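Visitor: okay, predicted coordinates and the sequence, questions at the end:
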Amino acid sequence: MTIPTDRPVYEGEIATYWFEDNILVSLSKSPKRTVENISGNVALVKKITNHSPVPLLIYLSDSPVPDKATRKFSTEQIPVIYSAMAMVAKPGLSKFIMNILFSLKPPPIPMKSFSEAKEAMEWLRSLNL
C-alpha cells in the first residue's frame, strides 16, 4: 500500500488516513490500542470527516490485542465515525479482530473482510452510503 501524494493525508498515532472518492482509507499502524489512543483517533477522524460517519477501507496491521475496556470503547465508537467498514488483511487477521470486538453481538455497521483492496472498495461503493 502506497500513501498518496496528490491529496491531503492525515497522520494519527494508530493510523494514516486519506480519501479516495468519498471513502476514507486507513493504513493501520501497530501500537497497542488503548482507550486513550482510540479516543485521539476518534477525534482525528471526526475532524477529517466533519463529524459525519463515512465508509472506511482499512488496511489492517498486526498489533497487540487490546484490553477489555479498549475493545468495548472501540465497539461503541465505530458507528459514531464510520457508516461501513471494509477490512483488508492477511487471511485470518480481520476475522480474528472482528471476533475480538464483536464476540457477544453483531457489528453495529456493515462490515466485511477482504484480501484484496479492489474488492473491498467495490463492496463499499455498492452500499451507496
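Guide: Yes, it's here. Treat the numbers as computed from the prediction; the structure is a model and nothing was measured.
Visitor: other residues contacting stretch 17-37?
Guide: Contact with stretch 17-37 is made by 1, 3-4, 7-10, 12-16, 44-45, 48-49, 54-64, 66-67, 69-70, 73-74, 82, 121, 124-125, as judged by Cβ atoms under 8 Å, 6 or more residues apart in numbering. Any C-beta I mention is one placed from the backbone N, CA and C, and that applies to glycine too.
Visitor: quick check: mean pLDDT of stretch 77-94?
Guide: Across stretch 77-94, pLDDT averages out at 86.
Visitor: which residues touch it?
Guide: 24, 38, 42, 45-46, 49, 53-60, 62, 97-98, 101, 107-117, 120-121, 123-124, 127, 129.
Visitor: try 6 Å this time
Guide: 42, 45, 53-60, 108-114, 117, 120, 123-124, 127, 129 (Cβ atoms under 6 Å, 6 or more residues apart in numbering).
Visitor: now stretch 13-29: how far from the chain's centre is it?
Guide: When distances are taken as Cα atoms, centre = their mean, to the nearest Å, stretch 13-29 is centred 8 Å away from the chain's centroid.
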